[in-house]
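In: below are the sequence and a predicted model for it; my questions follow.
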Amino acid sequence: MKKKNIIIIIGFISNLLFGQVGINTENPQGVLHIKNKTKKMGLVMPIVDSAAITVNPSNSTPVEATVVYDSIKQCLRFKKSTAWSDCLLDKDQVKDVVNVAVIGTQYWLTSSPAPALNSYYKKPISSGDNFTAFSYSGNSNYLYGVGNSWAIGSGTTVDPANKRYNIKPTYILAGGSSSFIVADNGKLYVSGNNAYRQLGVAGTTCSTCDVQGFKEVPMPFSYSDEKVISVANMNGSATTAILTDKGNVYTAGYGLYGHNGNGTTTDQTTFTKVASLSNIVALFGNDQNNLVYGMFAAVDKNGKIFVWGRHFFNYIPGFTTTQTVSTPVDITSVFSSFLSSGEQIVKLSLSYYQTIALTNKGKVIVAGENYRIGFGSGIVTTLTSVTPFTLNSGEYVVDMEADSGGAIIATNKRVFVTGLNSIGRFGTGDATIKYTWTSVSISDLDPTWNIQYIDLATNRTFITMSSTLSEGGGRILGSGYTIYGTLGSNNATNLFKLMKF
């Protein structure tokens with residue numbers, strides 16, 4: 001038997017050296033020919049952490065034509081004479097994908113929104129105080145993080161963003177010091193600050209401590225019957241609200257000013273349904289880093305707007321200047337006089353001395369303190385319509401974000417900002433307060449590109465752009481504070497202009 005085995009092995013080696021190798025065929029048509037008899041199985045290529053670090057058996061550079069599966073880019077790549085190829089995908093597979101160069105030599109892809117959401121309610125990148133979360137979409141989605149330890153699901157600081165989590169995100173929200181990730185299976189995963197049990201899950205070492213590493217959040221419903229689609233937070237992430245595909249809203253965390261919407265001012269340690277809300281299609285918060293200001297807002301399928309929480313000099317008719325609203329109140333009628341036929345509120349932010357509502361036609365309705373709302377000087381005590389810009393032909397409103405005494409509005413071609421400009425977060429080339437809506441110069445934006453998403457944090461701004469060309473492609477721009485590489489930079493230099501990475 002041993003002799004036969006030796007003869008067979010020698011024969012196989014001879015075929016490798018002097019002929020062709022056929023598997024399941026006696027007539028190979030190349031150096032290696034594999035015939036798939038079952039027509040159900042595929043060829044498994046060698047998986048590497050990154051094509052860039054691939055070596056041959058001698059621990060040196062692979063030879064030309066080496067093929068690997070790159071687990072970071074989630075695709076096949078081959079070695080050319082001097083470099084590795086890009087992903088081996090055809091044009092139709094990537095035309096709707098944004099190709100993002102984020103940090104150093106690392107590259108990611110960010111995808112279009114989930115069907116249930118549009119650009120007003122979702123973005124593929126979100127930043128907190130000292131961390132940033134990126135989504136990745138190639139053949140499948142993955143989450144990447146960079147920044148300060150637990151908030152990004154890591155026990156240590158991550159810099160640059162080379163830590164990948166085996167979560168396939170459809171929605172990302174970075175709070176002040178917490179991360180909220182909705183996976184493609186509708187489950188919510190959380191990590192970070194949990195002082196008020198705003199994550200809806202027990203901490204790692206005690207009932208109220210920080211969550212160290214992403215944990216699945218238990219819900220009062222079965223994930224097989226109801227799925228989370230978006231998340232909003234308030235009070236420096238001390239209170240969290242989630243929206244499900246059934247149109248229900250659930251809250252957890254700090255409740256002293258009615259932010260849980262349950263008719264009381266008590267905290268909630270687990271997610272509990274807001275009983276008075278149903279058929280909700282959009283949910284908004286405001287992560288002002290303060291425990292006493294701001295209101296949640298929800299829009300139902302009929303366009304009705306409901307708010308609850310701490311009304312603090314928002315000047316919404318029907319409320320006193322400082323009032324706790326512990327049960328959602330319908331405020332739809334207060335905006336009616338501002339809206340023309342077919343016009344509707346698509347984004348609403350209610351925070352400290354700041355009410356900003358954006359319509360689908362680019363109209364902005366404001367009340368509050370001058371620079372926070374782009375009104376110039378003084379206090380605006382009644383809801384007032386302002387026109388930061390006029391839409392040009394082919395231009396449309398993309399999104400509005402408000403955070404920490406400032407706001408940003410984007411069309412598919414332009415960006416406008418107002419308010420506090422901490423550490424140059426707006427990308428205007430300086431760090432001065434903007435008292436009126438100010439246009440941001442974006443040198444990297446040309447006619448073949450569209451702005452898709454924006455993200456405004458306390459001290460930085462991100463803009464995601466995509467090409468209008470059929471070949472796809474895209475980029476992310478960032479500005480502001482770059483601690484721990486949170487802007488996609490490997491250095492500690494703060495950026496005062498929007499830069500691509």
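Out: Thanks, I have it. Worth saying up front: this structure is predicted, and the values here are computed from it rather than measured. Residues are numbered from 1 along each chain as shown.
In: only C-alpha atoms from now on, for both contacts and neighbour counts.
Out: Will do.
In: list the contacts for residue 58?
Out: By C-alpha atoms under 8 Å, 6 or more residues apart in numbering, the contact list for residue 58 is empty.
In: how long is stretch 298-317 end to end?
Out: Chord length of stretch 298-317, first to last residue, is 17 Å (C-alpha to C-alpha, to the nearest Å).
In: centre of the chain to it, how far?
Out: Centroid displacement of stretch 298-317 relative to its chain, using C-alpha atoms, centre = their mean, to the nearest Å, is 24 Å.
In: stretch 429-442 too?
Out: Centre to centre, stretch against its chain (C-alpha atoms, centre = their mean), the figure for stretch 429-442 is 24 Å.
In: need the CA coordinates for it. CSV is fine.
Out: What follows is stretch 429-442 as a C-alpha-only set of coordinates in CSV (Å, rounded to 0.1, in the frame of the first residue of the first chain):
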residue,chain,number,x,y,z
GLY,A,429,-11.0,78.2,7.2
ASP,A,430,-11.4,79.8,10.7
ALA,A,431,-12.9,79.2,14.1
THR,A,432,-15.1,82.2,14.4
ILE,A,433,-18.9,82.2,15.2
LYS,A,434,-21.1,82.5,12.1
TYR,A,435,-24.0,84.8,12.8
THR,A,436,-25.8,84.2,9.5
TRP,A,437,-26.0,81.3,7.2
THR,A,438,-22.6,81.2,5.5
SER,A,439,-21.6,79.3,2.4
VAL,A,440,-18.7,76.8,2.8
SER,A,441,-16.2,76.7,-0.1
ILE,A,442,-15.6,73.1,-1.1
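In: count of neighbours near residue 302?
Out: 9 (other C-alpha atoms under 10 Å).
In: element containing residue 380?
Out: Assigned by DSSP states H and E, residue 380 belongs to strand 379-386.
In: from the contact counts, what lies against whatever helix or strand comes next after that strand?
Out: Along the chain past strand 379-386, the next helix or strand (assigned with DSSP H and E) turns out to be strand 397-402. Packing partners of strand 397-402 (3 or more C-alpha pairs under 8 Å, 6 or more residues apart in numbering; DSSP states H and E): strand 345-351, strand 406-411, strand 449-456.
In: report the angle between strand 397-402 and strand 449-456.
Out: Comparing the axes of strand 397-402 and strand 449-456 via axes from the mean of the first three to the mean of the last three C-alpha atoms, to 10 degrees yields an angle of 20 degrees.
In: now residue 333, what's its secondary structure?
Out: Counting by DSSP: H, G, I helix; E, B strand; the rest coil, the backbone at residue 333 sits in helix.
In: if I look at it, how far off is residue 385?
Out: To residue 385, residue 333 is 15 Å away according to C-alpha to C-alpha.
In: between those two, which one's more packed in?
Out: Neighbour count, other C-alpha under 10 Å: between residue 333 and residue 385, residue 385 has more, with 18 against 11.
In: pretty sure that one sits against residue 339.
Out: No. Residue 385 is beyond contact range of residue 339, at 10.0 Å (criterion: C-alpha atoms under 8 Å).
In: circling back: what's the strand holding residue 380 in contact with?
Out: Strand 379-386 is contacted from outside by 315, 316, 338, 363, 364, 365, 366, 367, 368, 369, 370, 375, using C-alpha under 8 Å, 6+ apart.
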